[in-house]
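Asker: What follows is a predicted protein model with its sequence.
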Amino acid sequence: MGILTGIRQITRNDDGVSLRLEFEDWASDVPLPPNTALIGFGKNHELIVYPEWRFTFRSDATYDALSGMFKVTLSLEETVSWFRRIMRDHGWIEAPEKSFVEPAWASLKFQHPLASIRVNMSLRWRNKPFDDTEITIWRVHKHTPVSPVAEEPPEQVARPIKLHAAIILQDLWIQNHITVAYLARAAVSALLLAYGLIEGDMTVIVVSLLFAPFLNHVLAMAFGAWSGTIRDDAGEPVRVDGVRGWAEEVVNRW
């Protein structure tokens, strides 16, 4: 999905956030047939069902789910054939053991070979007065947490990486979602910090800061491996490669 332009309605849920999208916001990697339109309910079909982009934040992973309901003036058989061909051209792999097609109903399941993304499609033929195919699509992407501990050497771990928007939103949601646990951690951290300052106990001060839920707002450090040139006490340049360490102030150029 591209960057959204304009104002979108955002709803805060118990376990994440939801964004109401416009038709043009639909994911480009799951194309829609020509002349596709949004489904509408009501006497005059005035209640339009807009696509939704929902982010669910869990301890083991973050899920972003894109869903939408559409209609297209193609028969069910034509719609199924179109999706199978286009999805295959876009690199998706169908799960034939989970897909099925019946005279008036079909279900298609796709998986992306390079990412934890799956697409489920439910298709239904609607007789007169509609004479069209109703399409409901769910595109679910699972994002596993980024861990600072890995088996790879630091030279490979300490490199800039691209983070999906869901990971960024997860971090923002965690740091701004006021819960009982968040308030409890902040209160305990404040009490420990006050005690450490009064008693002059550096250990308690450090522990209190580490316990603070907003530590990343006030502390920024860089860890990893560094390669480049340093100067010794005599001012001579020395080439180093893969030096492990940390820095409180760092400017990187990649």
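Answerer: Cool, the structure landed.
Asker: Please count neighbours and contacts with C-alpha atoms only from this point.
Answerer: OK.
Asker: next one: stretch 43-59 to chain centre, how far?
Answerer: How far stretch 43-59 lies from its chain's middle: 17 Å, per Cα atoms, centre = their mean, to the nearest Å.
Asker: do stretch 104-121 as well
Answerer: For stretch 104-121, the distance to the chain centre is 18 Å (Cα atoms, centre = their mean).
Asker: so where's the stretch 101-250 of the chain shaky on pLDDT?
Answerer: 145-177, 214-225, 244-250 (pLDDT under 70).
Asker: Of all the helix elements in this structure, which one is longest?
Answerer: Identified as the longest helix of the chain according to DSSP state H is helix 180-199.
Asker: And whichever helix or strand comes after that helix, how far out from the chain middle?
Answerer: Proceeding N to C from helix 180-199, the next assigned helix or strand is helix 202-211, under DSSP states H and E. Put simply, helix 202-211 sits 32 Å off its chain's centre (Cα atoms, centre = their mean).
Asker: where along the stretch 1-150 of the chain do the strands fall?
Answerer: 10-13, 16-20, 37-38, 40-41, 47-48, 52-57, 62-72, 93-94, 100-101, 105-111, 117-126, 132-143 (DSSP state E, counting those that start in this stretch).
Asker: beta partners of the closest residue to residue 12 other than its chain neighbours?
Answerer: On the basis of Cα to Cα, 6 or more residues apart in numbering, the spatially nearest residue to residue 12 that is not a chain neighbour turns out to be residue 18, at 6.4 Å. Per DSSP bridges, the residues bridged to residue 18 are residue 11, residue 54.
Asker: ok so, going back, so what does the longest helix of the chain touch, helix or strand wise?
Answerer: helix 202-211 (3 or more Cα pairs under 8 Å, 6 or more residues apart in numbering; DSSP states H and E).
Asker: what angle separates the helix it packs on from helix 180-199?
Answerer: 160 degrees (axes from the mean of the first three to the mean of the last three Cα atoms, to 10 degrees).
Asker: residues making contact with helix 202-211?
Answerer: Applying Cα atoms under 8 Å, 6 or more residues apart in numbering, the contact partners of helix 202-211 are 185, 186, 188, 189, 190, 192, 193, 195, 196, 197, 215.
Asker: ok, now which ones touch the first one?
Answerer: If you count contacts by Cα under 8 Å, 6+ apart, residue 185 has them with 211, 212, 213.
Asker: before we move on, what about the fifth one?
Answerer: For residue 190, the residues meeting the contact criterion (Cα under 8 Å, 6+ apart) are 208, 212.
Asker: Start at 7, not 1
Answerer: Will do, 7 is the new start, and the previous item becomes residue 196.
Asker: how close does it get to residue 129?
Answerer: According to Cα to Cα, to the nearest Å, residue 196 and residue 129 sit 56 Å apart.
Asker: Repeat that for the fourth one.
Answerer: Noted for residue 195: a distance of 53 Å to residue 129, by Cα to Cα.
Asker: The two - which one has more neighbours?
Answerer: With neighbours defined as other Cα atoms under 10 Å, residue 195 and residue 129 compare such that residue 129 has more, 24 against 21.
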